[in-house]
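Coordinates for the following, if possible.
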Amino acid sequence: MLIKEIVQYLEQLYPPQLAIESDFNRIGFIIGDLNFEVSNVLMALDLTLEVAQEAVLKNANLIITHHPFFFQPLDKIMFSSEKGQILNLLFTHRLSLFVMHTNLDVGNNGVNDTLARLIGLIDFKVINNEVGKGNFLRYGEIRPLTLASLALKLKNDLDLTGVRVVGDPQKIIKRVGIVGGSGAHDEDIAAALAMDLDCYITGEVKLPAAQKAYFHNLSLIEINHGVEKMVFYPLAQKMAGELGLKNRIFVSEINTDPLVVWK
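Alright, predicted model coming up:
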């Protein structure tokens, strides 16, 4: 199987046009040769030096990541820099890179669908399903429990070192929304309020967003940004079956999110 066949398959599942406009030049096939024969495939949240080294060890010549490798254009490439070391390793071992970012966030069975299922949302819904606009928020109902109990459940179910919480720990939570990654911008909080959510869960929350949510009695739970990686487990299984990649597609064992909660 050629790399281009995997790229075509993934772009049918998660069309690039689903991504937000700022992602257009950052996603897709970024590095390598589409006509290379695939050896093995490694899926990871980010391309770090450790992930590139893992790809070499697993004999994977295609790396698929969620977060873009190039957020800004490079003016210089120094082999002593982090990106320089990574690129040197990719070129030396002829590794290719394919990126799916916000198109994977919003697509069917993508990041946010996966997280909605993991937290137990019942018959969850999607808002703003316009191409190019970003249908990030998934919302629905869960079995009623306190905010404190929900926070502890998320910590355990998602294998986190901890979570940050806004709101009364004893508040009963039933109607919940979730967005993976950085999902606490003004428009996100506004959408959560418009949906009349009891609690909004996302990967990164800044102080102004927390203050706005607190003022409007919207509970928040900040989970680790790295939970977006959960999408790759069902996707790897699907690709293994449909593309004949059994025992040839791996989800990275490297934790690329260094943030932990000290206790």
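
list the contacts for residue 103?
14, 15, 16, 17, 18, 19, 23, 27, 110 (C-beta atoms under 8 Å, 6 or more residues apart in numbering). Where C-beta positions appear, they are placed from N, C-alpha and C, glycine not excepted.

Select only the buried ones of those residues in PyMOL?
Burial among the contacts of residue 103 is assessed by 16 or more other C-beta atoms under 10 Å; the matching PyMOL selection reads:
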select buried, resi 14+16+18+19+23+27+110
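
From the contacts of residue 103, which land in strands?
Of the contacts of residue 103, none are assigned to strands by DSSP state E.

I'd like the contacts of residue 103 as JSON lines, with distance to residue 45 appended.
JSON lines is the format used below for these (distance: C-beta to C-beta, whole Å):
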{"residue": "14", "distance to residue 45": "15"}
{"residue": "15", "distance to residue 45": "21"}
{"residue": "16", "distance to residue 45": "19"}
{"residue": "17", "distance to residue 45": "23"}
{"residue": "18", "distance to residue 45": "19"}
{"residue": "19", "distance to residue 45": "17"}
{"residue": "23", "distance to residue 45": "16"}
{"residue": "27", "distance to residue 45": "14"}
{"residue": "110", "distance to residue 45": "14"}
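
count of residues packed around the spatially closest residue to residue 252 that is not a sequence neighbour?
Counting by C-beta to C-beta, 6 or more residues apart in numbering, residue 252 lies nearest to residue 44, which is 3.7 Å off, once chain neighbours are set aside. By other C-beta atoms under 10 Å, 24 other residues sit near residue 44.

show me the contacts for residue 44.
Counting by C-beta under 8 Å, 6+ apart, residue 44 has contacts 51, 54, 63, 64, 65, 66, 229, 232, 251, 252, 254, 256.

now do 10 Å
50-52, 54-55, 63-67, 229, 232, 250-254, 256 (C-beta atoms under 10 Å, 6 or more residues apart in numbering).

Bridged to it, which residues?
Counting by DSSP bridges, residue 44 forms beta bridges with residue 65.

Quick check: it vs residue 143, distance?
The gap separating residue 44 from residue 143 is 33 Å, by C-beta to C-beta, to the nearest Å.

cool, residue 97 as well?
Using C-beta to C-beta, one gets 41 Å for the distance from residue 97 to residue 143.

which of those two has more neighbours?
residue 97 (22 against 10).

and the nearest residue to that one once chain neighbours are set aside, how many neighbours?
Using C-beta to C-beta, 6+ apart and skipping residues adjacent in sequence, the residue nearest residue 97 is residue 31, 4.1 Å away. Neighbours of residue 31 under the rule other C-beta under 10 Å: 17.

for residue 41, same thing?
So residue 41, with other C-beta under 10 Å, has 26 neighbours.

which SSE is it in?
strand 40-44 (DSSP states H and E).

buried sites along the next helix or strand after that strand?
Counting by DSSP H and E, the next helix or strand C-terminal to strand 40-44 is helix 49-57. Neighbour-count burial for helix 49-57 flags 50, 51, 52, 54, 55 (criterion: 16+ other C-beta under 10 Å).

can you map out the helices along the stretch 101-250 of the chain?
102-106, 111-118, 147-157, 186-194, 207-215, 232-242 (DSSP state H, counting those that start in this stretch).

The shortest one: which residues count as buried?
Same thing as helix 102-106. So helix 102-106, judged by 16+ other C-beta under 10 Å, has buried residues 102, 103, 104, 105, 106.

I'd like to know how far residue 213 sits from residue 201.
For residue 213, the distance to residue 201 - C-beta to C-beta - is 12 Å.

between those two, which one's more packed in?
residue 201 (28 against 23).

My guess is that one contacts residue 181. True?
No - counting by C-beta atoms under 10 Å, residue 181 is not a contact partner of residue 201; they are 11.5 Å apart.

before we move on, back to that, so what sits against both of residue 213 and residue 201?
With C-beta under 10 Å, 6+ apart as the test, residue 213 and residue 201 both reach 192, 219, 220.

Next up, the contacts around the second one.
So the one you mean is residue 219. Counted by C-beta under 10 Å, 6+ apart, residue 219 has contacts 147, 150-151, 165-169, 171, 173, 176, 192, 197-201, 213.
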